[in-house]
Structures are given as C-alpha cells and as structure tokens.
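Undergrad: Sequence first, predicted coordinates after that:
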Amino acid sequence: MSDSSGPQPSSDAENVQDESAATWYEDGLQFKCTQCGNCCTGAPGVVWVDEEEIRAIAEYLNKPIGEIRLMHTRPVRGRVSLTEFANGDCTFFDPRGRGCTIYPARPKQCRTWPFWNSNLTTEQAWDSIKGDCPGAGHGDFVSLDDIEIRRSVIDM
Ligand code: SF4
Ligand code: SF4
C-alpha cells in the first residue's frame, strides 16, 4: 500500500467540508465478477505483493516461499509485482479453467478490484472500466460502507 493512502491531518474547516460533500457513489454500486478473466490477462500490468502476501501464497500452495519469489514475482520500480507470461496472463491464472489458482490467497490488489481509488474518483472513471470489467455496474449491491472499506485496503 502506498504511503500516501493513509489519513492525512486536516483543519476543522476541511473536516466540515468533507462531511458535507456528497460522494457520487453514496447510494452504493453494483458488482459481481463474471469470471471473464480480463483483469488477470491481456495488456501488461503490475500486481503488487508484499512479503505477507507472498508468504500466504506459498502456504496456500504448500510450496517454499523462495520458489514463489523466484517463479512468480519480479521487481518493478522498487517494489515487487507478480509475474506475467509473455502474453500478459498472470502466472497464477489458469487459462483452461479461466480462474485464479490462488483465489483464497490472492493479493489485496486483486481482492479489492474494482473498488480502487483510481476507479472511484468520478462516475466517469467508474464507467470507463465497465468495458474491460463486465462485472462492474452489475450484480450484487455494494454499500457505501463496504466500498469505503475495500478502497481503504490498498491505494491503487
Ligand atoms: S474483469 Fe471483472 S468480471 Fe472479469 S474476472 Fe476481472 S473482476 Fe471479474
Ligand atoms: S493473482 Fe489471481 S486474481 Fe490476481 S491477477 Fe493473478 S490470477 Fe488474477
């Protein structure tokens, strides 16, 4: 999680403004994963992982943590990301079953999609992800409280 994601000190005036400001998604949003696999495949990207998450993956797969580091992670801009195959698929994605092979131990970045800060800045930002993620805007109701919990887990 980025250092910039934590709560920042603010003045009383700012607090009053924040409390009165309406959030565009205050009535909640809809989301249900269709298991299409789009977010685990395709264009190159990063899936940030920390030591705790790498350890959790190793334990889930019952493999040495060194093997997970070597086979499934890579350094990116001073941080650690999961690795992709040449076609852009995450190395934990099963192309035949179209699913995540570490689903119960998947990283925070995967758990919280699509409720990322970058997707929630405006309604337009949210709408723009619907083309790639058919689950966004459909299915289960997600309340404002649940959205805020998910978006606070990692700064994306
Ligand atoms: S793109 Fe959306 S619907 Fe498709 S697998 Fe990812 S979260 Fe699920
Ligand atoms: S860890 Fe699983 S959910 Fe996350 S990108 Fe890889 S296959 Fe997808």
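TA: Done, it's in. Ligands and ions are numbered 1, 2, ... in the order given.
Undergrad: Give the helix, strand or coil label for the nearest residue to Glu67 once chain neighbours are set aside.
TA: Closest residue to Glu67 apart from its sequence neighbours, by Cβ to Cβ, 6 or more residues apart in numbering: Ala58 at 7.4 Å. The way it works is simple: take the backbone N, C-alpha and C, and place the C-beta from them, glycine included. Following DSSP: H, G, I helix; E, B strand; the rest coil, we place Ala58 in the helix state.
Undergrad: residues in contact with Glu123?
TA: Neighbouring residues of Glu123 by Cβ atoms under 8 Å, 6 or more residues apart in numbering: 24-25.
Undergrad: how about the residues of the chain near ligand 1?
TA: Contact residues (Cβ under 6 Å from any ligand atom) of the chain with ligand 1: 33-39, 113, 133-135.
Undergrad: Of those residues - the most surrounded one?
TA: Top of those by neighbour number is Trp113, holding 22 neighbours under the definition other Cβ atoms under 10 Å.
Undergrad: Could you check how far the closest residue to it other than its chain neighbours is from Gly135?
TA: Nearest-residue entry for Trp113: Cys39, 5.8 Å, with adjacent residues in sequence omitted and distances by Cβ to Cβ, 6+ apart. Per Cβ to Cβ, to the nearest Å, Cys39 is found 9 Å from Gly135.
Undergrad: how far away is the residue nearest to Trp113 from Cys133?
TA: For Cys39, the distance to Cys133 (Cβ to Cβ) stands at 6 Å.
Undergrad: same question, Phe31
TA: 8 Å.
Undergrad: What of Ala105?
TA: 22 Å.
Undergrad: On the three-state scheme, the spatially most central residue of the chain is what?
TA: Residue closest to the average C-alpha location in the chain (Cα atoms, centre = their mean): Gln109, at 2.9 Å. With three-state DSSP as the basis, Gln109 sits in helix.
Undergrad: Report the contact partners of it.
TA: Listed by Cβ under 8 Å, 6+ apart, the contact set of Gln109 reads 47-49, 154, 156.
Undergrad: And Thr122, by the same measure?
TA: Neighbours of Thr122 in contact, by Cβ under 8 Å, 6+ apart: Trp24.
Undergrad: Same question for Pro95.
TA: 37, 41, 89.
Undergrad: Contact residues of the chain facing ligand 2?
TA: Proximity of the chain to ligand 2, by Cβ under 6 Å from any ligand atom, involves residues 40, 47, 82, 90, 92-93, 100, 102, 106, 110.
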